[in-house]
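Chemist: Okay, predicted coordinates and the sequence, questions at the end:
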Amino acid sequence: MQSAPPTTFDEAYYQRFYFDKKTSVVDPAHVERLSAFVAAYLQYLRVPVRRVLDMGCGIGLWRELIARHFPAASYHGVEISDYLCQRYGWERGSVVDYSASEPFDLVICQGVLPYLSPPDLQRARPPWAA
């Protein structure tokens, strides 16, 4: 199995799976519940969230939710899709080899890993996740 090439994630892909209500795989209510759970858990643990990295951010479903739960936090989206980077202004990058210049308090990586080959999946794992 090979990782999905960046060209997979073109405008047609997002029209079909995100913007067309008949074929969309997105459930905004699910993402809202998930973000509420993540935020509540981090708040319970008293983890201060000032910087958020959304790796493979897609259309930015988490951006508004992060702003709601952590109003003082900055949100940084990284995406492999040239189409989405141009449309939303995300930084172009891949979970396989992305390197940040500063640490983040929260890293979101939802729905990205199934598109990776086993070797790329190993490369994408942070060193502390062994």
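Modeler: Structure's in. What do you need?

Chemist: CA atoms for contacts and neighbours, from now on please.
Modeler: OK.

Chemist: what about the most centrally placed residue in the chain, which helix or strand?
Modeler: Centroid-nearest residue in the chain: C57, 3.2 Å away (criterion: CA atoms, centre = their mean). For C57, there is no helix or strand it lies in under DSSP states H and E.

Chemist: got any ranges where this protein has weak pLDDT?
Modeler: Residue ranges of the chain with pLDDT under 70: 127-130.

Chemist: Could I get the phi/psi values of the residue nearest to the centre of the chain?
Modeler: Here is the backbone geometry of C57 (degrees, to the nearest 10): phi -70, psi -10.

Chemist: Tell me how far D82 lies from G56.
Modeler: 12 Å (CA to CA, to the nearest Å).

Chemist: So those two - more neighbours on which side?
Modeler: G56 (24 against 18; other CA atoms under 10 Å).

Chemist: OK, contacts around that one?
Modeler: Contacts for G56 were tallied using CA atoms under 8 Å, 6 or more residues apart in numbering; they are G77, V78, E79, I80, S94, V95, C109, Q110, G111, V112.

Chemist: part of a strand, is the second one?
Modeler: Right, the one you point to is V78. Yes - assessed with DSSP: H, G, I helix; E, B strand; the rest coil, V78 lies in a strand.

Chemist: how many neighbours does it have?
Modeler: Neighbour tally, V78, other CA under 10 Å: 23.

Chemist: Kindly report the same for the fifth one.
Modeler: For S94, the count of nearby residues is 17 (other CA under 10 Å).

Chemist: Now do the same for it: helix, strand or coil?
Modeler: Applying three-state DSSP: S94 is coil.

Chemist: Which residue comes closest to it once chain neighbours are left out?
Modeler: Leaving aside its chain neighbours, S94 sits nearest to I80 (5.5 Å; criterion: CA to CA, 6 or more residues apart in numbering).

Chemist: distance of the one you found from V49?
Modeler: On the measure of CA to CA, I80 and V49 end up 25 Å apart.

Chemist: Thanks a lot, catch you later.
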